[in-house]
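1. Build me a model from this:
(2 chains)
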2 protein chains.
Amino acid sequence: MDEKVGIYQFYAESFQCDFTGRLSMGVLGNHILNVANMNASKNGFGITYLNEHNYTWVLSRLIIELDEMPAENTHFTIETWIESVLAYFSTRNFAIKNAEGKPIGYARTVWAMLDMNTRQPLNLLQLRDGIMTQFICEERTCPMQKVSKIRVTTDTPVMKHAIRYSDIDINIHMNSVRYIEHILDIFDMDKFREKRISRFEIAYIAEAHYGDTLIFYIDSDEATDTHQVEVRQQSGGEVTCRAKIHFE
Amino acid sequence: MDEKVGIYQFYAESFQCDFTGRLSMGVLGNHILNVANMNASKNGFGITYLNEHNYTWVLSRLIIELDEMPAENTHFTIETWIESVLAYFSTRNFAIKNAEGKPIGYARTVWAMLDMNTRQPLNLLQLRDGIMTQFICEERTCPMQKVSKIRVTTDTPVMKHAIRYSDIDINIHMNSVRYIEHILDIFDMDKFREKRISRFEIAYIAEAHYGDTLIFYIDSDEATDTHQVEVRQQSGGEVTCRAKIHFE
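-> Sure, this is the predicted structure:
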């Protein structure tokens, strides 16, 4: 099992915390994506290998469930393992543990691989003679709720954001983590003062680019404090991502 | 000299790079502030000590000069030392070195310390019986140009930004690093494709808070590709910071 689980150490720096003294969700998201990359690289299917073939990992979905967000100036650990590899999707899970080694949260990510020359998805079972299947870890469970359907019906925008330089990642798309930050910016600061996010789910649907403007729509169920968000491009109205946020 | 210079290791993660494949200036700024905090903490005048007394470090100025920004998936080091301690200001310098140990940039920061109860600056020479003066490092030089005057005369705004949740730091102010990101967002992406920032200078003048809107003004000298930026609060017009960016 050892080689199937990657373990990475982190420290919640002051400058990476929000005003409640806890790590920002965007920073945690960044760490999760980085851990995924580091672990994939260690096992032979990370960005460096992919770049040689002009392939790229595409993040389809990210779900984070937390009992507690790491507090300022504390150490924490992110463990990662592959739950499953199908032809066109792989699921990679994560456990977030506090300094005492107690799990304080879990995350699940779903990835596809794209051939950037043909723009076609690649069969993950065939990658490097099926290398990924060697790392499937059936010994670990990830006690999270199932992936849910995200559905937004409102047509009234709540926020607009013109995509600028700092939003753009190394693949020249809107950065996945920036989406998390922008989506949380829909909420009033009082929300974060009174509540905490117990589940954050985001589905990445279409790429957005520099020069586009993103329009944000939200349907809120106040009874359960669950909020569904849809982000559309201003030009054309294409949906670029959807998210669901549950506060407790 | 050993105890006077703090040395910290970093790695330029893909997700922290901009579309040119180099570390984002905001991420470098975050690392520099974090290194300052870690080194001050190690030496007895970091955030933890300050919190006990309800004191806080206030960043007054940050200047970064770079021959080269760390590239994606490379290791780099930030070294830090105190250049000087005056009654109300301390200067802390940084050297950024690539994986081969070659200096690729330098940074200088100027800090004051504030008593949050009285809102008055504290005499740094008197802090903990003058503890800071023990760490002044005269052996190291920081070959940077002098701090310059930043002067913006235009009255035509180029960008507005409503301060939201993700902009707010642990002290419930506009985050110092977010300013860097927003200021660079004034520039067109082509600018970063064709040129690189050789010097970035920012002076923090007044605090900005959640709910304020920031208005950005820029005076550009195209001959030298030097750009002076002023950021004002929409309500009241108070200047919150000024920056000067030189592209090469």
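2. most centrally placed residue in chain A?
-> The residue lying closest to the centre of chain A (C-alpha atoms, centre = their mean) is A:L62, at 3.6 Å.
3. For chain A, give me the ranges with low pLDDT.
-> Scanning chain A for pLDDT under 70 picks out the ranges A:1-2.
4. Spell out which parts of it neighbour chain B.
-> By the rule C-beta under 8 Å from any C-beta of the partner chain, the part of chain A lying against chain B is A:13-19, A:21, A:24, A:26, A:30, A:33-34, A:37, A:47-48, A:72-73, A:164-166, A:168-172, A:175-177, A:181-182, A:184-185, A:187-189, A:192, A:210. Glycine gets a C-beta too; all of them are placed from N, C-alpha and C.
5. if we go to 6 Å?
-> Contact residues, chain A versus chain B (C-beta under 6 Å from any C-beta of the partner chain): A:13-15, A:17, A:19, A:21, A:30, A:33-34, A:47, A:164-166, A:168, A:170, A:172, A:181, A:184-185, A:189, A:210.
6. report the longest helix in chain A, please.
-> With secondary structure taken from DSSP state H, chain A has its longest helix at helix A:25-42.
7. Run the angle between it and helix B:25-42 for me.
-> Here helix A:25-42 runs at an angle of 100 degrees relative to helix B:25-42 (axes from the mean of the first three to the mean of the last three C-alpha atoms, to 10 degrees).
8. for chain A, what spans make up the helices?
-> Taking DSSP H as the test, the helices found in chain A are A:25-42, A:47-53, A:176-184, A:189-194.
9. so of the ones you listed, which one's packed in deepest?
-> A comparison of the helices of chain A by mean neighbour count, using mean count of other C-beta atoms under 10 Å in any protein chain shown, puts helix A:176-184 on top with a mean of 23.
10. which outside residues touch it?
-> By C-beta atoms under 6 Å, 6 or more residues apart in numbering or on different chains, the residues outside helix A:176-184 that reach it are A:25-26, A:29-30, A:59, A:161, A:167, A:229, A:241, A:243, B:165-166.
11. With distance to A:K102 added, can I get those residues in a markdown table?
-> Formatted as a markdown table, the contacts of helix A:176-184 follow (distance: C-beta to C-beta, whole Å):
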| residue | distance to A:K102 |
| --- | --- |
| A:M25 | 20 |
| A:G26 | 24 |
| A:G29 | 21 |
| A:N30 | 23 |
| A:L59 | 28 |
| A:H161 | 37 |
| A:D167 | 35 |
| A:V229 | 31 |
| A:C241 | 32 |
| A:A243 | 27 |
| B:Y165 | 28 |
| B:S166 | 28 |
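12. Quickly name whichever of the residues you listed is closest to B:P157.
-> Of all these, B:P157 sits closest to A:H161, with 17.7 Å by C-beta to C-beta.
13. Columns distance to B:V147 on top of the helices of chain A, output as JSON lines?
-> As requested, the helices of chain A are exported to JSON lines (distance: least, C-beta to C-beta, whole Å):
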{"stretch": "helix A:25-42", "distance to B:V147": "31"}
{"stretch": "helix A:47-53", "distance to B:V147": "39"}
{"stretch": "helix A:176-184", "distance to B:V147": "32"}
{"stretch": "helix A:189-194", "distance to B:V147": "34"}
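14. A:V85: which of those helices is closest?
-> With C-beta to C-beta as the measure, helix A:25-42 is the member of these nearest A:V85 (11.8 Å).
15. Next, the angle helix A:176-184 makes with the closest one.
-> Between helix A:25-42 and helix A:176-184, the angle comes out at 160 degrees (the same axes, to 10 degrees).
16. Can you name the residues bridging to the residue nearest to the centre of chain A?
-> For A:L62, the beta-bridge partners are A:T109, A:I202 (DSSP bridges).
17. you'd agree it is up against A:I202?
-> Yes: using C-beta atoms under 6 Å, A:L62 is in contact with A:I202, at 5.2 Å.
18. Nearest spatial neighbour of A:E3, chain-adjacent residues omitted?
-> Sequence neighbours aside, A:F135 is the residue nearest to A:E3 in space, at 7.6 Å (criterion: C-beta to C-beta, 6 or more residues apart in numbering or on different chains).
19. What number of residues are in the vicinity of the one you found?
-> 21 (other C-beta atoms under 10 Å in any protein chain shown).
20. so who does A:I205 touch?
-> Neighbouring residues of A:I205 by C-beta under 6 Å, 6+ apart: A:239-241.
21. Likewise for A:P70?
-> Contact analysis of A:P70 by C-beta under 6 Å, 6+ apart lists A:12, A:23, A:76.
22. so how far is A:T156 from the nearest residue to A:I168 once chain neighbours are set aside?
-> Closest residue to A:I168 apart from its sequence neighbours, by C-beta to C-beta, 6+ apart: B:F19 at 4.9 Å. For B:F19, the distance to A:T156 equals 33 Å [C-beta to C-beta, to the nearest Å].
23. For these two, indicate the residue with more neighbours.
-> Looking at B:F19 and A:T156 with other C-beta under 10 Å, you find the greater number of neighbours at B:F19, namely 18 against 7.
24. Could you measure from the residue nearest to A:I168 over to B:T109?
-> Distance check for B:F19 against B:T109: by C-beta to C-beta, it reads 27 Å.
25. how about chain A, which residue sits the furthest from its center?
-> Of all residues in chain A, A:D129 has its C-alpha farthest from the mean position, at 27.7 Å, by C-alpha atoms, centre = their mean.
26. Next, work out how far apart that residue and A:Y55 are.
-> 15 Å.
27. A:V27 too?
-> The spacing between A:V27 and A:Y55, counted by C-beta to C-beta, is 27 Å.
28. how about TSV for the contacts of A:P70, with distance to A:T118 added?
-> Putting these into TSV (distance: C-beta to C-beta, whole Å) gives the following:
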residue	distance to A:T118
A:A12	42
A:L23	39
A:F76	40
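29. Generate a ChimeraX selection restricted to the buried subset of those.
-> To isolate the buried ones among the contacts of A:P70 in ChimeraX, judged by 16 or more other C-beta atoms under 10 Å in any protein chain shown, type:
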select /A:12,23,76
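30. Filter the contacts of A:P70 down to just the ones in strands.
-> A:F76 (DSSP state E).
31. mind listing the strands in chain A by residue range?
-> Using DSSP E, the strands of chain A run over A:6-11, A:55-66, A:75-85, A:90-97, A:103-115, A:120-121, A:157-162, A:197-204, A:213-221, A:226-233, A:239-247.
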